[in-house]
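Asks: Let's see this in three dimensions:
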Amino acid sequence: MKILVIGSHEAVLGFSLVGVHGMAVSTASEADQALDEALSTSDTGIILVTEDVAELIAARMEHLKLRSTVPLVVEIPGPEGVRPDRPSLNEMVLSAIGVRL
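Replies: The predicted structure is shown next:
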């Protein structure tokens with residue numbers, strides 16, 4: 001199963017350097033389209049969505065984070081890093097898949 005990232009151009013570029021493919025988006029409609037494509041692909045196991053993009057489609061992300069199993073949809077920090085009012089990446093991974101980093 002593959003991991004896919006949906007986020008800003010910078011985030012997608014960064015993940016591509018370690019072999020993770022992604023889709024760069026900047027609007028809510030682009031984010032919805034990217035999620036539709038990612039969810040329809042049978043070999044995608046985890047979809048990482050950066051916070052900045054998740055804010056564009058907040059209602060859909062809440063639904064997916066609570067209900068998705070395969071692929072698992074996980075919100076990760078954006079290019080500016082973890083906001084003080086949000087959980088750390090370690091906390092997010094632990095709650096999403098039960099693995100402590």
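Asks: Residue 70 - that's part of a strand, no?
Replies: No - applying DSSP: H, G, I helix; E, B strand; the rest coil, one finds residue 70 to be coil, outside a strand.
Asks: Contacts only, for the closest residue to it other than its chain neighbours.
Replies: Distance criterion C-beta to C-beta, 6 or more residues apart in numbering; nearest residue to residue 70, sequence neighbours excluded, is residue 45 at 6.5 Å. For the C-beta atoms, the positions are set from N, CA and C on the backbone; glycine is no exception. Going by C-beta atoms under 8 Å, 6 or more residues apart in numbering, residue 45 touches 1-3, 70-72.
Asks: Let's verify residue 45: helix, strand, or coil?
Replies: strand.
Asks: Also the one 3 residues further on?
Replies: Going by three-state DSSP, the secondary structure assigned to residue 48 is strand.
Asks: who's in contact with it?
Replies: Taking C-beta under 8 Å, 6+ apart, one finds 3-7, 15, 20, 22, 74-76 in contact with residue 48.
Asks: Quick check: it vs residue 94, distance?
Replies: Residue 48 sits 15 Å away from residue 94, going by C-beta to C-beta, to the nearest Å.
Asks: before we move on, back to that, per-residue confidence at the residue nearest to residue 70?
Replies: We have a pLDDT of 91 for residue 45.
Asks: same deal with residue 96?
Replies: Looking at residue 96, its pLDDT is 71.
Asks: Before I go, just wanted to say thanks for your time.
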